[in-house]
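**Q** turn this into a model:
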Amino acid sequence: AINGFGRIGRLVFRALAEQGLLGNEVEVVAVGDIVPADNLAYLLKYDSTQGRFKGEVSSKKSSADKEDDDVLVVNGKDIHVVSARQPSGLPWKDLGVELVIESTGLFTSADAAQGHIEAGAKKVIISAPAKGDGIATLVMGVNHESYEPANHHIISNASCTTNCLAPLVYVLLKEGFGIEEGLMTTVHAYTATQKTVDGPSRKDWKGGRSAAINIIPSGTG
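**A** Residues are numbered from 1 along each chain as shown. Reported below is the predicted structural model:
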């Protein structure tokens, strides 16, 4: 299942489809999101950056009494769209969910992500840096071989910045060069939380500037 069918969630789904994994090695049986399935189908099918989804995408109601569509239909296969205030309230056990991609950006601590396990899932991958202790952070090509199936039930895939920087640092350390000190800058695309025109931003005044025409200094994970 994919919990949070926003930018990251949809790209995970597209990657599974384009790599031939969807419906073969991986079955996505559910999507956790508060958005109706017909809107999610539209966003998946037509992507301003990635282009059209290479497959058939539609939506439908699971029963006649539903007000909104709650089933995504991709290449003829039904994917239930479900929602709950907390992960523990999601119907993972009933749907037979084994692995959850947690991509809402909201449930990144061990306690919060544990809700997916309580709901019936066996494993959780957080698509963001984990908050607090108790969650292993694994980066493919760097330390993914340290994954322990018997002990690691919730893991973090780190941030986009970490996935860019860690392989470079790993090679330097592996080859015996070492690093005494370093400085790095991430040039990041603008995200859904930014504004199209200048506006107020309580957290960070700079962050309220129009994303398309400003380079905005910010911290990173």
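**Q** could you export the helix ranked longest in the chain as CSV, CA atoms only?
**A** If you go by DSSP state H, the chain has its longest helix at helix 160-174. What follows is helix 160-174, C-alpha atoms only, in CSV (Å, rounded to 0.1, in the frame of the first residue of the first chain):
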residue,chain,number,x,y,z
CYS,A,160,16.6,13.4,-1.4
THR,A,161,19.7,15.3,-0.3
THR,A,162,21.0,12.3,1.6
ASN,A,163,20.5,10.0,-1.3
CYS,A,164,22.6,12.4,-3.5
LEU,A,165,25.4,13.1,-1.0
ALA,A,166,25.8,9.7,0.8
PRO,A,167,27.0,7.8,-2.3
LEU,A,168,29.8,10.4,-2.9
VAL,A,169,30.9,10.3,0.8
TYR,A,170,30.7,6.6,0.8
VAL,A,171,33.1,6.2,-2.1
LEU,A,172,35.6,8.6,-0.5
LEU,A,173,35.6,6.8,2.8
LYS,A,174,35.6,3.3,1.1
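**Q** what does it rub up against?
**A** Residues from elsewhere that reach helix 160-174 (Cβ atoms under 8 Å, 6 or more residues apart in numbering): 129, 137, 139-143, 157-158, 178-179, 182, 184, 186, 188, 220-221. (Glycine included, C-beta is placed from N, CA and C.)
**Q** rerun that using 10 Å as the cut-off
**A** 8, 127-129, 137, 139-143, 156-159, 177-179, 182, 184-186, 188-189, 220-221 (Cβ atoms under 10 Å, 6 or more residues apart in numbering).
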